[in-house]
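Student: What would the 3D arrangement of this be:
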Amino acid sequence: MKNSILILIMLLSTISIFAQKDSPSIDNFTSKIMIGTSFGTTSGSGISARYVSNNSGVTFTILPNYVRNENFSHTNLNMGLSYNYYVRTNRYVDFSMKVSARRQQGGFFSYWTDNPDRVRVNLGIGPEINFHLLPEIDVDVHLGYGLYDITKSLNSSLSASVGFYYNIYQ
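Tutor: Numbers count the residues shown, from 1 in each chain. Next up, the predicted model:
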């Protein structure tokens, strides 16, 4: 029941946002290439690269990690891919809708499971706010809805992420 109410609220807020006129500054939007770090439940955690052009953007996040102890050794791999559609933009803040996917092999909880190389896939959707602290520095905050471990034992909950980016080309 809680999940149904959350989905309904997100859909209604998304519909009301798209029903409004686009801001004039979206026509003057330029391409950006950014690098940084991101921590997200459905978008991946690690080092990020982002490309933004016109009113959409793509972010790739990756964090490889080699784990070795007395019982086993293996590689944890955390990858994420996100797509953002920018609904509102201005000089200080951008508002976008985000769709993300994350693939995680191993990870923190793999130490207590019998299969440390288990692969998990998470999907998420929801709004994201991008704050322009300086012309070169951005901070992104996302809160939405996520589907977790869709390949094995599907469950759903809130999804969240935070990212810190440095603009290397504009």
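
Student: Provide a list of residue ranges in this structure with pLDDT below threshold.
Tutor: Counting by pLDDT under 70, the chain shows low-confidence ranges at 1-29, 67, 69-74, 107-117.

Student: so T59 touches S82, yeah?
Tutor: Yes: between T59 and S82 there is a contact at 4.3 Å, judged by C-beta atoms under 8 Å. Yep, even glycine has a C-beta here, placed from its N, CA and C like the rest.

Student: Need the contact partners of stretch 77-84.
Tutor: 38, 40, 42-46, 52, 56-65, 96-107, 128 (C-beta atoms under 8 Å, 6 or more residues apart in numbering).

Student: Pull up the pairing partners for the helix or strand harbouring H142, direction included.
Tutor: Following DSSP states H and E, one finds H142 within strand 137-148. Based on DSSP bridges, the pairing partners of strand 137-148 within the sheet are strand 119-132 (antiparallel), strand 155-169 (antiparallel).

Student: Only C-alpha atoms, please: export stretch 84-93 in CSV.
Tutor: Output in CSV follows, covering the C-alpha atoms of stretch 84-93 (Å, rounded to 0.1, in the frame of the first residue of the first chain):
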residue,chain,number,x,y,z
ASN,A,84,18.6,12.9,-17.1
TYR,A,85,16.0,14.9,-18.9
TYR,A,86,16.2,18.6,-17.8
VAL,A,87,12.8,20.1,-17.2
ARG,A,88,13.8,23.4,-15.7
THR,A,89,17.2,25.2,-15.8
ASN,A,90,18.5,28.5,-14.7
ARG,A,91,21.7,30.0,-13.4
TYR,A,92,21.7,28.5,-10.0
VAL,A,93,19.8,25.2,-10.1
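
Student: contacting residues around stretch 56-65?
Tutor: Residues contacting stretch 56-65 (C-beta under 8 Å, 6+ apart): 32, 38, 40, 43-51, 75-86, 96, 106, 163.
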